[in-house]
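Engineer: coords please:
(chains A and B)
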Amino acid sequence: MFRSVEMRNLFLAPFCIWAGIFIFVPLIFIIGYGLTDAEGNFTLANLLMIFQSEFFKSLAMSIWLAAVSTIICLILAYPLCLILVERAKSAGLIITLLFVLPLWMNSLLSTMAWQTILEKNGILNQFLRMLSLPDLTLINTGTAIVIGMVYNYLPYMVLPLYVSLSKIDKRIIEAAHDLGANTLQTFFKVTMPLSLPGAISGITMVFIPALTTFAISALLGGGKLLLIGNVIEQEFTFEYDWNLGAALSIVLMIFIVLNMALTLFFENSHDEEAQ
Amino acid sequence: MSKLKTIYLAIIFLFLYAPIGVLIAQSFNASRYRGHWTGFTLDWYASLFEMESVLDALSNTISIGILSALIATILALITCLALRDVSKKWRAMFMSVANIPILNADIVTGISLMLLFLGLGMKLGYGSILLAHIVFNVPYVMLCIMPTLIALDKSFYEAALDLGASPFKAFTSVVLPELRQSIFAGFLLAFTMSADDFIITYFTRGAGVDTLPTEIYSELKLGIHPEMYALSTLVFFIVLIFVVLFAMNRKKLSEEMLQ
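Structural biologist: Modelled structure (predicted):
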């Protein structure tokens, strides 16, 4: 596109400056705060605070709830995407649009609507009473947070999975059937391995925000269940211990890097198998 | 089997639309409190236009959304044009750097930008929110533009140059029309991401400046103004109308193409 390398580099320069200031320097700031104490001296004490029981419990709880939500999203999304792909020709556009439309409702408000549904005298329990069934205690529990996470992040699982399922050649599935595989065998031996890249990017896109959210847990956990995101938020806005908050953010970054490395590893091994 | 699939779709849609139904119902509920239905009213729609805090947040959300999407689109376009001529390895590296703000957790991106702005002695407010939104919007737009640009045949542009067009003229009349759709998609995606962002805005905003999500969050403790439900319902139906128009248009187009 460009006549000379100089011209190309001129176009590349704004982004380089931009990335320097707004991508690299902020990371240096957060690492700097995390590895120093209030006087600015180097210390690992804040980073090691993660092993203190209250912080460690929050982290473990966050990992557990994020993992459960991710698995539920995966289990819900597979049949959904298979049906959407199958119906892509006839009613696909409308179904897809119906699926994207809820994203336009502010996510904090719809999460709060879940509060109205799940609370003690909420819509769900009123409905259960109408059927003379016992009440469910959901609000302010891990279950409520998981429902909120699945609600908010399901689209992030569906979109990549849908794309990679729709790329599968239908004749491969037909061939599996012709060779005597039943529906389940075809799914586990053919469809699932072929859609693995979509599933993996879906898992990353659900797990990371679920692990680090503080809004969903604040709304549906009732302040009783503190996730690691809530702890960090409190350090910055309430306790004013920025060094500790930054150090806990570094711990989150370690998880993100691990997750990305795992994704790359799976993608590479998948590519090699495909070749 | 087909029935089973329809039931499954119905359950998923019930799950997706249940809270939206609740919010719409609340916008017509005479009671200020959640979960208590005391009668139908349109009062909240009328008083919405007198709620300054909500209207301010709305105008901030829209203006930050448009400005950040616009600036991000320009920066992303310039960068993608340059990256087209870079080797594959370097391009992948640039793309991964660009993606850091969205691959990182929102809370980490938000906090790190807040530390940067304060470290530079900037006052947190409208400007810092706008900058932060551009930071996370650039990669979204790049992800939309880059694939189309790579697939673009270079020889058309070169032919235009050989026929005597200036590089600028060749760009606007040959390359830009091909990119129009992805640029538009990128802009729209960026606007959506900006309008719905809560966490990054929460950390980079200053006192007195709110977007809709942060306004909602600060209202949560004292109870949401019912006007907020009215506003969200309005937004939802406006988008719904656009989506229906788009779907009908698209159907008509594909029918025309078949004929």
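
Engineer: and residue 63, how many residues sit next to it?
Structural biologist: All of this is about chain A. If you count neighbours by other Cβ atoms under 10 Å in any protein chain shown, residue A:63 ends up with 16. Just so you know, the C-beta spots here come from the backbone N, C-alpha and C atoms, and that holds for glycine as well.

Engineer: looking at chain B here, not the other one
Structural biologist: 13.

Engineer: host element of it?
Structural biologist: For residue B:63, the host element (DSSP states H and E) is helix B:52-84.

Engineer: chain center to that helix: distance?
Structural biologist: Taking Cα atoms, centre = their mean, to the nearest Å, one finds helix B:52-84 lying 9 Å from the centre of the chain it belongs to.

Engineer: Next secondary structure element downstream of that helix?
Structural biologist: helix B:88-103.

Engineer: List of residues touching that following helix?
Structural biologist: A:15, A:19, A:22-23, A:27, A:208, A:256, A:260, B:79, B:83, B:86, B:109, B:135-136, B:138-140, B:142-143, B:146 (Cβ atoms under 8 Å, 6 or more residues apart in numbering or on different chains).

Engineer: Beyond it, next helix or strand please.
Structural biologist: helix B:106-119.

Engineer: buried stuff in whichever helix or strand comes after that next one?
Structural biologist: The element immediately downstream of helix B:106-119 (helix or strand, assigned by DSSP H and E) is helix B:126-151. With burial defined by 16 or more other Cβ atoms under 10 Å in any protein chain shown, the residues of helix B:126-151 counted as buried are B:126, B:128-146, B:148-149.

Engineer: again, but for stretch B:163-176
Structural biologist: B:165, B:170-171, B:174-175.

Engineer: quick one: which of the residues you listed is nearest to residue A:71?
Structural biologist: Sorting the buried residues of stretch B:163-176 by how near they are to residue A:71, with Cβ to Cβ, puts residue B:175 at the top with 44.7 Å.

Engineer: Quickly note the distance from the closest one to chain A.
Structural biologist: 8 Å (Cβ to the nearest Cβ, to the nearest Å).

Engineer: List the contacts of the spatially closest residue to that residue that is not a sequence neighbour.
Structural biologist: Spatial nearest neighbour of residue B:175, excluding adjacent residues (Cβ to Cβ, 6 or more residues apart in numbering or on different chains): residue B:157 at 5.7 Å. Counting by Cβ under 8 Å, 6+ apart, residue B:157 touches A:1, B:170-171, B:174-175.

Engineer: can the helix holding residue B:63 be found next to chain A?
Structural biologist: Yes: against chain A, helix B:52-84 shows contacts by Cβ under 8 Å from any Cβ of the partner chain at B:75, B:78-79, B:81-84.

Engineer: Poorly predicted segments of chain A, please.
Structural biologist: Within chain A, the ranges that satisfy pLDDT under 70 run A:1, A:89-93, A:270-275.

Engineer: Which helix or which strand is home to the spatially most central residue of it?
Structural biologist: By Cα atoms, centre = their mean, chain A has its centre lying nearest to residue A:206, at 1.9 Å. Counting by DSSP H and E, the element that carries residue A:206 is helix A:196-212.

Engineer: Show me how far that helix is from its chain's centre.
Structural biologist: 5 Å.

Engineer: Quick check: which helices or strands does the helix or strand that that helix is followed by pack against?
Structural biologist: The helix or strand immediately downstream of helix A:196-212 is helix A:215-220, counting by DSSP H and E. For helix A:215-220, the packing partners by 3 or more Cβ pairs under 8 Å, 6 or more residues apart in numbering or on different chains; DSSP states H and E come out as helix A:107-118, helix A:142-166, helix A:228-237, helix B:212-220.

Engineer: Using CSV, write out the CA atom coordinates for stretch A:219-239.
Structural biologist: In CSV, the C-alpha atoms belonging to stretch A:219-239 read as follows (Å, rounded to 0.1, in the frame of the first residue of the first chain):
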residue,chain,number,x,y,z
LEU,A,219,-25.6,-7.0,43.3
LEU,A,220,-26.4,-10.6,43.8
GLY,A,221,-24.0,-11.5,46.7
GLY,A,222,-25.4,-8.9,48.9
GLY,A,223,-22.0,-7.8,50.2
LYS,A,224,-21.6,-11.1,52.1
LEU,A,225,-19.7,-12.9,49.4
LEU,A,226,-16.5,-10.9,48.6
LEU,A,227,-14.9,-11.9,45.3
ILE,A,228,-11.3,-10.9,44.6
GLY,A,229,-12.7,-8.1,42.4
ASN,A,230,-14.7,-6.7,45.3
VAL,A,231,-11.6,-6.8,47.5
ILE,A,232,-9.5,-4.9,45.0
GLU,A,233,-12.3,-2.3,44.5
GLN,A,234,-12.5,-1.8,48.2
GLU,A,235,-8.8,-1.3,48.6
PHE,A,236,-9.0,1.5,46.0
THR,A,237,-12.3,3.2,46.9
PHE,A,238,-12.7,2.5,50.6
GLU,A,239,-9.5,1.4,52.3
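
Engineer: Between helix B:212-220 and the helix holding residue B:63, find me the angle.
Structural biologist: Interaxial angle of helix B:52-84 relative to helix B:212-220 (axes from the mean of the first three to the mean of the last three Cα atoms, to 10 degrees): 140 degrees.

Engineer: quick check: angle from helix B:52-84 to helix B:126-151?
Structural biologist: 40 degrees.

Engineer: Please name every helix or strand in contact with helix B:52-84.
Structural biologist: Using 3+ Cβ pairs under 8 Å, 6+ apart: helix B:52-84 touches helix A:5-19, helix B:88-103, helix B:126-151, helix B:176-196, helix B:212-220, helix B:226-258.

Engineer: what's the distance between residue B:106 and residue B:58?
Structural biologist: 22 Å (Cβ to Cβ, to the nearest Å).

Engineer: which one of the two has more residues nearby?
Structural biologist: Counting neighbours by other Cβ under 10 Å for residue B:106 and for residue B:58 shows that residue B:106 has the greater number, 24 against 20.

Engineer: Just the pLDDT at the more buried one, thanks.
Structural biologist: Looking at residue B:106, its pLDDT stands at 91.

Engineer: Could you list the residues of the stretch 51-200 of chain A in contact with chain B?
Structural biologist: Near chain B, when you scan the stretch 51-200 of chain A using Cβ under 8 Å from any Cβ, you find A:76, A:79-80, A:83, A:86, A:93-95, A:97-117, A:119, A:121-123, A:151, A:154.

Engineer: ok, and what's touching stretch B:10-28?
Structural biologist: Defining contact as Cβ under 8 Å, 6+ apart, one finds that stretch B:10-28 is touched by A:76, A:80, A:98-99, A:102, A:105, A:109-111, A:113-114, A:116-117, A:123, A:151, A:154, B:34, B:37, B:40-42, B:44-45, B:226, B:229-230, B:232-233, B:236.

Engineer: quick check: mean pLDDT across it?
Structural biologist: So the average pLDDT for stretch B:10-28 ends up being 92.

Engineer: how about it: buried residues?
Structural biologist: For stretch B:10-28, the neighbour count (16+ other Cβ under 10 Å) marks B:12, B:16-20, B:22-28 as buried.
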